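1. sequence and predicted model, in that order:
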2 protein chains.
Amino acid sequence: MVRAGLSTERLIRAGAELADEVGFDQVTVSALARRFDVKVASLYSHLKNSQDLKTRIALFALEELADRVSAALAGRAGRDALAAFADAYRDYAREHPGRYAAAQLRLDPETAASSAGVRHAQMTRAILRGYDLTEPDQTHAVRMLGSVFHGYVSLEMGGGFSHTAVDPQESWSWIVNSLDALLRNGTAS
Amino acid sequence: MVRAGLSTERLIRAGAELADEVGFDQVTVSALARRFDVKVASLYSHLKNSQDLKTRIALFALEELADRVSAALAGRAGRDALAAFADAYRDYAREHPGRYAAAQLRLDPETAASSAGVRHAQMTRAILRGYDLTEPDQTHAVRMLGSVFHGYVSLEMGGGFSHTAVDPQESWSWIVNSLDALLRNGTAS
DNA sequence: GGAGTTTGCCTAATAGTATTAGGTACGTAC
DNA sequence: GTACGTACCTAATACTATTAGGCAAACTCC
């Protein structure tokens, strides 16, 4: 009997691919075992349990997304950086819907604190350095940007924009431009 | 044997309550049967299947939320209407996290078209009548507002704002004010 | 290159959830 | 008071999650 060559690493990668194909909530230990043509119990040497699998896929997706955003931001500032951040974020979700959904998984505080989620927050703050904001406005702005980007991508992926004929790409650009204008023109509080 | 008095109506209401208590994804036919102290199979006279249960809870939540928002909007316009809409939305999610999660369930197009989701879109457009926007900017703005509100609530509920000491309520007000200013000052495209 | 050890994957067993088919008895209506 | 409809049940099947324990392939060390 030839061994399948399982490893936590390979399982997580395959789990991420599976998520993109069938949706993150359809990622199950059983489905993963089928994909490697091994018995379900065999995965438990590499994974603690189903929750562990999902958490690891989430952490993987967070890292991958942070890497992409980081690369997109390199050498940019101001409106350019904002647009690059936004596009990197949205493009990732469109290319990898399952991984994006995984990245939204609620993590327990310690796990979250040591995850790439921290890098996301740092990069958002880095972008805002191109605008003239002091605390607490900067935190408000971080939250607003996160909300818009996540909300838009989430609604778009959920089919929420398919009832209107307006091109989602145009709305996206309009929104990014609006946010840039808003941040440049000073705050509202 | 005393009958439990099940009905689709009661099951959906109980399902919504259950969702708020344990999370929407923990709402299962089994858990609901336990709650009524009947056998699982008994629910299948009132529900097609598990998917049907979830869809009906989602539709219920959409209606309830639309009713709340509608009541909050009555007699208001401009910034007032925007803030009322935003608060009604966020308050509902905080009071009823499970129902709010249910309301995000992806519905198939026909179901969505006959759901209260349509009222949500109409109410958002109604608010924007207080600002001076023409198409396609109005659609862009509808999408932006939906994104910010949904994104913020979703991130806040997911614990995404608990790493910073800034009060989420302050950020929320700041964001609503910013959006009002943005919409009033004309568009960016 | 063989002996001993590690460990990767297996079988088997238990428990929870979803779903369908068919039965029983309660409530109601005449 | 009998007869009907239906509300809820038992029973059976299937899939997922998880743990315990076994066998043999692969590594290691001389």
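-> Happy to help now that I have it. Note that the coordinates shown come from a computational prediction; the quantities given were computed from them, not determined experimentally. Numbering: from 1, shown residues only, chains lettered A, B, ... in the order given.
2. next secondary structure after the one helix or strand A:Arg56 maps to?
-> Counting by DSSP states H and E, the element that carries A:Arg56 is helix A:50-73. Remark: after helix A:50-73, the chain's next helix or strand is helix A:78-95, criterion DSSP H and E.
3. near chain B, anything from that next one?
-> No - Helix A:78-95 stays clear of chain B (C-beta under 8 Å from any C-beta of the partner chain), getting no nearer than 10.5 Å. From N, CA and C alone the C-beta is placed, and that goes for glycine too.
4. which strands or helices does that helix pack on?
-> The contact analysis (3 or more C-beta pairs under 8 Å, 6 or more residues apart in numbering or on different chains; DSSP states H and E) places helix A:78-95 against helix A:50-73, helix A:97-103, helix A:117-128, helix A:137-157, helix A:168-184.
5. now render the ones you listed as CSV, adding distance to A:Ala33 and mean neighbour count.
-> Formatted as CSV, those follow (distance: least, C-beta to C-beta, whole Å; neighbours: other C-beta atoms under 10 Å in any protein chain shown):
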stretch, distance to A:Ala33, mean neighbour count
helix A:50-73, 11, 19
helix A:97-103, 18, 23
helix A:117-128, 29, 18
helix A:137-157, 28, 22
helix A:168-184, 37, 19
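6. figure out which of these is closest to chain B.
-> helix A:137-157 (2.5 Å; C-beta to the nearest C-beta).
7. mean confidence score for the closest one?
-> Helix A:137-157 carries an average pLDDT of 96.
8. A:Gly75: neighbour count?
-> 8 (other C-beta atoms under 10 Å in any protein chain shown).
9. got it, and A:Gly78?
-> Neighbours of A:Gly78 (other C-beta under 10 Å): 14.
10. leaving out chain neighbours, which residue sits closest to it?
-> A:Gly130 (4.1 Å; C-beta to C-beta, 6 or more residues apart in numbering or on different chains).
11. the one you found reaches A:Ala81, doesn't it?
-> Yes - A:Gly130 is in contact with A:Ala81 according to C-beta atoms under 8 Å; the separation is 6.0 Å.
12. neighbour count winner among these two?
-> Per other C-beta under 10 Å, whichever of A:Gly130 and A:Ala81 has more neighbours is A:Ala81, with 21 against 17.
13. quick one: is the helix holding A:Arg56 near chain B?
-> No - Helix A:50-73 lies apart from chain B when judged by C-beta under 8 Å from any C-beta; the minimum separation is 11.6 Å.
14. hmm, that helix in reach of DNA strand C?
-> No - applying C-beta under 7 Å from any atom of the strand, one finds helix A:50-73 separated from DNA strand C by no less than 11.8 Å.
15. quick one: residues in contact with that helix.
-> Helix A:50-73 is contacted by residues A:8, A:11-13, A:15-16, A:19, A:24, A:27-29, A:32, A:43, A:47, A:81, A:84-85, A:87-89, A:91-92, A:96, A:99-100, A:102-105, A:107, A:111, A:115-117, A:119-120, A:123, A:126-127 when judged by C-beta atoms under 8 Å, 6 or more residues apart in numbering or on different chains.
16. can you check stretch A:107-119 too?
-> Against stretch A:107-119 from outside (C-beta under 8 Å, 6+ apart): A:55, A:58-59, A:62-63, A:65-66, A:70, B:159, B:162-163.
17. return the closest of those with respect to B:Ser173.
-> B:Ser162 (18.5 Å; C-beta to C-beta).
18. which residue packs closest to the closest one, ignoring adjacent ones?
-> B:Ser162's closest residue in space is A:Pro109 (C-beta to C-beta, 6+ apart), at 7.6 Å.
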